[in-house]
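Enquirer: Provided below for reference: sequence and predicted model.
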Amino acid sequence: MHRLVRFTGALSALLNGERDRLPLWIPVLLGIGIALYFSLKFEPALWVGAFAVCLCVVTALGVRKQPILLMISLVATIIAAGFLAAQIRTLSAEHIRLTERHGPASVIGKIVRVEKFPDSQRVTLDRPRVSDLSPDKTPDRIRLRLRGAQPGMLPGDWISTQAILSPPPAPAAPGAFDFQRHSYFLRLGASGFAFGPARLTARPETSLTLNIQVEQLRQRLADRIRGSIGGEAGAIAAALMTGDRSAISEKTLETFRDSGLAHILAISGLHVGLMAGIIFFTIRAFLALLPNVAVRYPIKK
């Protein structure tokens, strides 16, 4: 009993100390729930996550007059919500996947992304049609490597080519990067390589989706930067401006890794930091122009 009282007191002191920062723990707790889901060796039924959330909510309502138990119940609720969110995201990404090697086959599809490498290109095709594959066995999206001289291609173009398709590969070693899981959430059902140049069958439609328009702008900007600067410097500048690292040679990437500077090329580092800084200083400068707000409220916070 004495230990329980001490634990309760310590927990209460911790919660009081974190009172102003409690909302910042929400993404942490959601992440714990998501990690818990992906750590399982089996696929739980959807009702498991929904039941856990409901149970935690009911418990929180029952102990709402007891601060410590209420806080524990809310923590469990947020963790359960992260678990349920991971379940829903996994189910929503369900798609058709190739189960065995197929081809050579004729492939026709709509380009949704073009990645340019020093010696090749890689295109992601949406709604492909593959010879000798019925629609109910054709993946929703496939990714093809194109080598040699290729026509100028933009997202939104329809192309036709001959290719060999394979299921997304499994990890090369236990604990290595799981390309199958990565492909699953990208809705990539197959990958492969094409023979010879692709043939443009149709140009972009008049009414393009926002995603296609953004990809077109991104590719044109990257091509413009690489064309203006040229060489490895142009490839690095394009990566910093658009996040497209495909044109950087493997030797240069290895140099970045060896020097410990590879994070500079990652969107999740430099780019997010720049965007957050721009938003922060813009909003703070605007609020500073409002005397009543700047004097009465902590605009920096």
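Expert: Arrived safely, thanks for sending.
Enquirer: in this structure, what helix or strand scores lowest on average pLDDT?
Expert: Every helix and strand in the chain was compared by mean pLDDT, DSSP states H and E; the lowest is helix 2-17, with a mean of 68.
Enquirer: list the buried residues for the helix or strand following that one?
Expert: Counting by DSSP states H and E, the next helix or strand C-terminal to helix 2-17 is helix 25-39. For helix 25-39, the buried set under the neighbour-count rule, 16 or more other CB atoms under 10 Å, comprises 29-30, 32-34, 37. The C-beta positions use only the backbone N, C-alpha and C, and glycine is treated the same way.
Enquirer: same thing with stretch 176-190?
Expert: 179, 183-184, 187-190.
Enquirer: out of those, which sit inside strands?
Expert: Here DSSP state E is the test, and these give residue 190 as lying in strands.
Enquirer: closest one to residue 280 out of the buried residues of stretch 176-190, please.
Expert: Using CB to CB, the shortest approach to residue 280 within those belongs to residue 187, at 34.3 Å.
Enquirer: need the contact list for that closest one.
Expert: Residues counted as contacts of residue 187 (CB atoms under 8 Å, 6 or more residues apart in numbering) are 93, 95, 140-141.
Enquirer: most neighbours, which of those residues?
Expert: Highest neighbour count within the contacts of residue 187: residue 141, with 22 neighbours (other CB atoms under 10 Å).
Enquirer: report the longest strand in the chain, please.
Expert: Under DSSP E, the chain gives strand 102-116 as its longest strand.
Enquirer: and that one, which strands flank it?
Expert: Taking DSSP bridges as the criterion, strand 102-116 sits next to strand 120-130 (antiparallel), strand 158-166 (antiparallel) in its sheet.
Enquirer: can I get those in CSV including mean neighbour count and mean pLDDT?
Expert: Shown next, in CSV, are the strands paired with strand 102-116 (neighbours: other CB atoms under 10 Å; pLDDT from 0 to 100):
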stretch, mean neighbour count, mean pLDDT
strand 120-130, 19, 89
strand 158-166, 19, 91
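Enquirer: possible to save those as CSV with distance to residue 241?
Expert: Output for the strands paired with strand 102-116, formatted as CSV (distance: least, CB to CB, whole Å):
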stretch, distance to residue 241
strand 120-130, 20
strand 158-166, 27
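Enquirer: of all the ones you listed, which one is nearest residue 296?
Expert: Nearest of those to residue 296, taken as CB to CB: strand 120-130 at 51.4 Å.
Enquirer: ok, residues contacting that closest one?
Expert: Contacts of strand 120-130 (CB under 8 Å, 6+ apart): 102, 105-115, 138-148, 150, 153, 159, 165, 188, 198, 246.
Enquirer: distance between that strand and the chain's centre?
Expert: In terms of CA atoms, centre = their mean, to the nearest Å, the centre of strand 120-130 is set 19 Å apart from its chain centre.
Enquirer: quick one: name whatever helix or strand follows that strand.
Expert: Downstream of strand 120-130, the next assigned helix or strand under DSSP H and E is strand 141-147.
Enquirer: report the distance from that next one to the chain centre.
Expert: 20 Å.
Enquirer: give the buried residues for that strand.
Expert: Using 16+ other CB under 10 Å as the test for burial, strand 141-147 gives 141-144, 146.
Enquirer: same question for stretch 50-66.
Expert: By 16+ other CB under 10 Å, the buried positions in stretch 50-66 come out as 52-53, 56-57, 59-60.
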